[in-house]
Structures are given as C-alpha cells and as structure tokens.
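1. kindly generate the corresponding structure for this input.
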Amino acid sequence: LDFVNWNTARATSILYDSSHVYIAGVDNNQSVCWKDGSLVLLGGSSSAANATAADAAGNLYIGGYCCDSNDGLYYPCYWKLLSGASTATMVKLESSGASSPGTAVNGIAFYSGLVYAVGVSADGRAMLWKDKFDTNGIEMSSVLVDGTAATSIAVCYGNVYVAGTDGTNAVYWMNGVKTI
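-> Residues are numbered from 1 along each chain as shown. Predicted coordinates for the structure are as follows:
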C-alpha cells in the first residue's frame, strides 16, 4: 500500500467488487482510500474513513467524518469516488457539527440507486441517513433510529437492517423497528 505516513496509517474497512480491492481508513490524520494499493486522499486533516460500499457502475461510497476548516466542527459525511476518478466529492450529512470526532458514518450501503449511511449524529444519537434525489441534485434526509450508536447497515430486497446499541443492549433495527 502507498502511504503518506506508514506510522500513522490505519485501515478500517475493506471491499472487493469483483475487479478491485478498496480499503478505507486514515493516514496522517486524514481520510484515505486505497484502490488496489494506490492511495487516494479523500478529505482534509482531522477526517477519517470508516466504511465502504460500491454500486454496479464501479462508483465507490466511503463513509466517515470530516472537520470543517471554517468552524472547526466535525460532521458525519461520505465521499463519492466515481469510477476512474482520482478525486472524490464529499457530502456532509448534517448541518450541525460536534466539537469532537464522535459523530461519524460507521456503515454505508448502496441499494437501488440510493446511498444509505448509519452512524452517530452530532448530538450523540444513532442515525440512519438515506439520500433522496430531486430535480436539484442530491439532498440528504435524516431519520432518527431509536438508539445511541448505529454501526453497520445492510439493505436487501428493500428492507433496511441496522446494527447498533441502545445504550445498554446490542440491538438491530429492521425498517426502523428495534429488536433486542
């Protein structure tokens, strides 16, 4: 793997899409993705990549957190790396930030033309973000999932499964309904 600083590099997620191996993570305190071992810088300093998903066209979706250089706050976000591109576009999922990097996308999925992301909001709640497309482009909407952390997501036949915790118990949600 190519590194900015191999002493500080950390891999957090891996994805194989039948053609390429993608590894998301952190290198030198910034979010990165390795595509077949080649480094792609995603965000600026004080960011991290935690989760990966791909669509059938080979576009990559990488969830994590970013720090806004204007206000110094952390936001859950994802990066979209188009197939064949060398730079990614960042999508911030909330308009309010947090003073520490506890807010983040921990899991991401792509299903039927939509990006689904789960994680922790700036105010410390478990979240499910689902993007919706409109005539003006992409607009992210958030749906609160009753819990304290959402860590993983799977979407199958239109059903959305989210794993996480409710503060004391390991739980999962199917289409927003919590099961302990």
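
2. okay, which residue is most central for this protein?
-> By CA atoms, centre = their mean, the chain has its centre lying nearest to Gly63, at 1.5 Å.

3. for the closest residue to that one other than its chain neighbours, name its beta-bridge partners.
-> Excluding its sequence neighbours, the residue lying closest to Gly63 (CB to CB, 6 or more residues apart in numbering) is Val105, at 3.1 Å. C-beta coordinates here come from the backbone N, C-alpha and C atoms, glycine included. With DSSP bridges as the criterion, Val105 is bridged to Gly119.

4. what's near enough to touch Val105?
-> With contacts defined as CB atoms under 8 Å, 6 or more residues apart in numbering, Val105 is in contact with 50-51, 63-65, 76-78, 93, 117-119, 129.

5. show me which of these is closest to Asp146.
-> Relative to Asp146, the closest of those is Val118; by CB to CB it sits at 13.0 Å.

6. any idea how far Asn59 is from the nearest residue to the closest one once chain neighbours are set aside?
-> Of all residues not flanking Val118 in the chain, Ala150 sits nearest, at 3.7 Å (CB to CB, 6+ apart). Relative to Asn59, Ala150 is positioned 23 Å away (CB to CB, to the nearest Å).

7. neighbour-wise, which of those two wins?
-> Ala150 (27 against 16; other CB atoms under 10 Å).

8. which helix or strand contains that one?
-> If you go by DSSP states H and E, Ala150 is part of strand 149-156.

9. and that strand, which strands flank it?
-> strand 159-165 (antiparallel).

10. what about the strand it pairs with, distance to the chain center?
-> Here strand 159-165 is found 15 Å from its chain centre; the criterion is CA atoms, centre = their mean, to the nearest Å.

11. now that strand: buried residues?
-> Going by neighbour count (16 or more other CB atoms under 10 Å), the buried part of strand 159-165 is 160-164.
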